[in-house]
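Q: compute the structure for the input listed below.
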Amino acid sequence: MVLPTGTNLYGNRYIIESKLGEGGFGITYLAKNRKGELVVIKTLKDEVMTNPDFADFREKYQHDFRDEALRLAVCRHPHIVQIENVFHHDSLPCIAMEYVAGEDLWKRVKSRGCLPEAEALRYIRQIGEALTVVHDKGLLHRDLKPHNIMVRSHVSEAVLIDFGIAREFIPNLTQTHTWALTPGFAPLEQYDEQEHRGEFTDVYALAATLYCLLTAKTPPPSPNRVLRDSLVIPNNVSELVRNSILEGMKLQAENRPQSVSEWLRLFESDSDDLSTDKGVDYQNLRDLLKAGNWREADLETAKVMLKVAGREKEGYLNVEHIENFPCTDLRTIDRLWVKYSNGRFGFSVQKRIWESVGGKPGEYDWEIYKKFADRVGWYEMKKDTWKSYDDLTFSLNAPGGQLPCLWWWGVVGIVGGSLFSRVETCKL
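A: Here you go, the predicted model:
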């Protein structure tokens, strides 16, 4: 049976709030712990524990369930869902884990369509970092796909979830693995119980996930590609990213990058795209960001934006200048900030935060602006206090979206809606 709302678990340490969802054998609930914090409780379906049809497999299911808890416990990383507790409720094994408020990438793609390349790469790099930790622990995730990647509501952070079919692996050794996979995201070797597996197995799935984010389509199943490879990547995807996807989704495992780190390095380029429609030199901005000199980079951003708009003498921009800001230059500035901050800073990051607090591109609302400013760390809503520029945190420990800010300091409430409208028009 489904645990009803109000059910107390584990000595009143958790109280069921509602059912979240269920899969083939498991079921998840939203609950609160003693601190009043939301958590996710995962357990096995009641029929798995009681139905005689499952009798022969019941011990295996419980064993796999315990193993999932252990796998999560050893894989600690900001982009991996964190486990809080393991316990039994009556005869039901339970895992209490972090509740990630937000949506999974599958839902995001289905509601929004193809993601901008910069946004997609940000999530892929974050999950790539998480997978490196998983692999260092001697584990393969084996079910990497947009459905198993959550994006937190208030920041541009991806979180890897669902380790239900993760398994140990030994490099260069053929091991028997259960046949469990998701067509489109599983490489050929995952269809064979006795085939070699390694980090390259998750590399294929990560590349396939990037393909899905950029095309809003599920990749063709790998066995189908043996007969007729129909992996088509749109022309609006950059050549560097297109080639990286193709390398990561090579059908033969030995032809793929052999680790996630190796695959991620394919996205690195000795030269950044510093395109401009106004003859502006972005090399200094790039060098400052690359070196992590965030305050100096913010000053340089204000400088180049005034130069692009021809407003160096006046020293500020208004709505008209923002609405006519060249997309090429806006995209260059944003791409540099996003890349070198690992997705924490940039106009596109700020736009998502603006929308998360109820803001709409092109519309100005003072109350929305205050919520936005509170979220990015410019304002403390509880104290109704605005921070000075010198009080900001010029490091990656700053709240997501805090930078760049100097160019619009003091007028963001007026130009913010216009900026985010321009960001949307320019498809950042």
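Q: name the helix or strand of this structure that has the lowest mean pLDDT.
A: Taking mean pLDDT, DSSP states H and E as the measure, the chain has strand 167-168 as its least confident helix or strand, at a mean of 46.
Q: so Lys42 sits in a strand?
A: Yes - the assignment for Lys42 by DSSP: H, G, I helix; E, B strand; the rest coil puts it in a strand.
Q: which non-adjacent residue is nearest the most centrally placed residue in the chain?
A: Central residue of the chain (CA atoms, centre = their mean): Ala158, 2.3 Å from the mean position. Among residues not flanking Ala158 along the chain, Tyr123 sits closest, at 4.1 Å (CB to CB, 6 or more residues apart in numbering). (Glycine included, C-beta is placed from N, CA and C.)
Q: and the one you found, how many neighbours does it have?
A: 24 (other CB atoms under 10 Å).
Q: again with the one 4 residues further on
A: Here the number of neighbours of Ile127 (other CB under 10 Å) works out to 26.
Q: next one: phi and psi at Val304?
A: phi -70, psi -30 (degrees, to the nearest 10).
Q: measure it to Val109 for me?
A: 33 Å (CB to CB, to the nearest Å).
Q: and if you look at Lys427?
A: 15 Å.
Q: who has more neighbours out of the two?
A: Counted by other CB under 10 Å, Lys427 and Val109 do not tie: Val109 has more neighbours, with 20 against 13.
Q: let me see the backbone angles for that one.
A: Per degrees, to the nearest 10, the backbone of Val109 is at phi -70, psi -40.
Q: residues near the residue nearest to it when sequence neighbours are not counted, how many?
A: If the residues on either side of it in the chain are set aside, Val109 comes closest to Ala216, at 5.1 Å by CB to CB, 6+ apart. By the criterion of other CB under 10 Å, Ala216 has 13 neighbours.
Q: Ser244 contacts Leu266, correct?
A: Yes - Ser244 lies in contact with Leu266 (CB atoms under 8 Å); the separation is 4.1 Å.
Q: quick one, which of these two is more surrounded?
A: Neighbour count, other CB under 10 Å: between Ser244 and Leu266, Ser244 has more, with 23 against 17.
Q: just to revisit the earlier point, where does the residue nearest to Ala158 fall, secondary structure wise?
A: Using DSSP states H and E, Tyr123 sits within helix 117-136.
Q: pull up the pairing partners for whichever helix or strand comes after that helix, direction included.
A: On the C-terminal side of helix 117-136, the nearest following helix or strand under DSSP H and E is strand 139-140. If you go by DSSP bridges, strand 139-140 pairs up with strand 167-168 (antiparallel).
Q: okay, now the unreliable bits of the stretch 1-150 of the chain?
A: 1, 24, 47-65, 67-69 (pLDDT under 70).
Q: hey, where'd the helices end up in it?
A: Counting by DSSP state H, counting those that start in this stretch, the stretch 1-150 of the chain has helices at residues 46-50, 55-74, 105-112, 117-136.
Q: and the stretch 151-300 of the chain, by the same measure?
A: 199-215, 222-227, 239-248, 260-264, 283-290, 294-309.
Q: just these: most buried one?
A: Ranked by mean neighbour count, those are led by helix 199-215 with a mean of 25 (mean count of other CB atoms under 10 Å).
Q: picking that back up, tell me the pLDDT at the residue nearest to the centre of the chain?
A: With respect to pLDDT, Ala158 has a value of 94.
Q: tell me what it is bridged to.
A: Beta-bridge partners recorded for Ala158 (DSSP bridges): Val151.
Q: what separation do you get for it and Lys110?
A: 17 Å.
Q: show the average pLDDT along stretch 338-358.
A: Average pLDDT, stretch 338-358: 88.
Q: from what I see, Val133 and His77 are in contact.
A: Yes - between Val133 and His77 there is a contact under CB under 8 Å: 4.6 Å.
Q: neighbours of His106, how many?
A: Heads up, residue 106 is Trp, not His. With neighbours defined by other CB under 10 Å, the count for Trp106 comes to 17.
Q: how about it, what does it touch?
A: Lys145, Pro146, His147, Cys212 (CB atoms under 8 Å, 6 or more residues apart in numbering).
Q: just flag the most distant two among these.
A: Between any two of these, the greatest separation by CB to CB is 9.9 Å, found for His147 and Cys212.
Q: any common contacting residues for the two?
A: Leu105, Trp106.
Q: distance from stretch 319-333 to the middle of the chain?
A: In this view, stretch 319-333 has its centroid 26 Å away from the chain centroid, taken as CA atoms, centre = their mean, to the nearest Å.
Q: what's in contact with that stretch?
A: With contacts defined as CB under 8 Å, 6+ apart, stretch 319-333 is touched by 273-278, 280, 282, 285, 301, 304-305, 308-309, 311, 317, 347, 404, 414-415, 418-419, 421-423, 425-428.
Q: now, of the residues you listed, which are buried?
A: By neighbour count, with 16 or more other CB atoms under 10 Å, these hold 274, 276, 280, 282, 285, 301, 304-305, 308-309, 317, 347, 404, 414-415, 418-419, 421-423, 426, 428 as buried.
Q: still on that earlier bit, now tabulate the helices of the stretch 151-300 of the chain in TSV and tack on mean pLDDT.
A: Converted to TSV, these look like this (pLDDT from 0 to 100):
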stretch	mean pLDDT
helix 199-215	96
helix 222-227	90
helix 239-248	92
helix 260-264	94
helix 283-290	93
helix 294-309	94
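Q: what's the closest of those helices to Arg34?
A: helix 199-215 (36.2 Å).
Q: that closest one to helix 105-112, inter-axis angle?
A: 20 degrees (axes from the mean of the first three to the mean of the last three CA atoms, to 10 degrees).
Q: any idea of the angle helix 199-215 forms with helix 239-248?
A: 140 degrees.
Q: please save the CA atoms from helix 199-215 in PDB.
A: The C-alpha coordinates for helix 199-215 follow below in PDB (Å, rounded to 0.1, in the frame of the first residue of the first chain):
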ATOM      1  CA  GLU A 199      34.200   4.700 -17.700                       C
ATOM      2  CA  PHE A 200      33.600   4.800 -21.400                       C
ATOM      3  CA  THR A 201      30.200   3.300 -20.800                       C
ATOM      4  CA  ASP A 202      29.000   6.400 -18.900                       C
ATOM      5  CA  VAL A 203      30.900   8.600 -21.400                       C
ATOM      6  CA  TYR A 204      28.500   7.400 -24.200                       C
ATOM      7  CA  ALA A 205      25.500   8.200 -22.000                       C
ATOM      8  CA  LEU A 206      26.800  11.600 -21.100                       C
ATOM      9  CA  ALA A 207      27.400  12.500 -24.700                       C
ATOM     10  CA  ALA A 208      23.900  11.100 -25.600                       C
ATOM     11  CA  THR A 209      22.400  13.300 -22.800                       C
ATOM     12  CA  LEU A 210      24.100  16.400 -24.300                       C
ATOM     13  CA  TYR A 211      22.700  15.400 -27.800                       C
ATOM     14  CA  CYS A 212      19.200  15.300 -26.200                       C
ATOM     15  CA  LEU A 213      19.600  18.700 -24.500                       C
ATOM     16  CA  LEU A 214      20.700  20.300 -27.800                       C
ATOM     17  CA  THR A 215      18.200  18.600 -30.100                       C
END
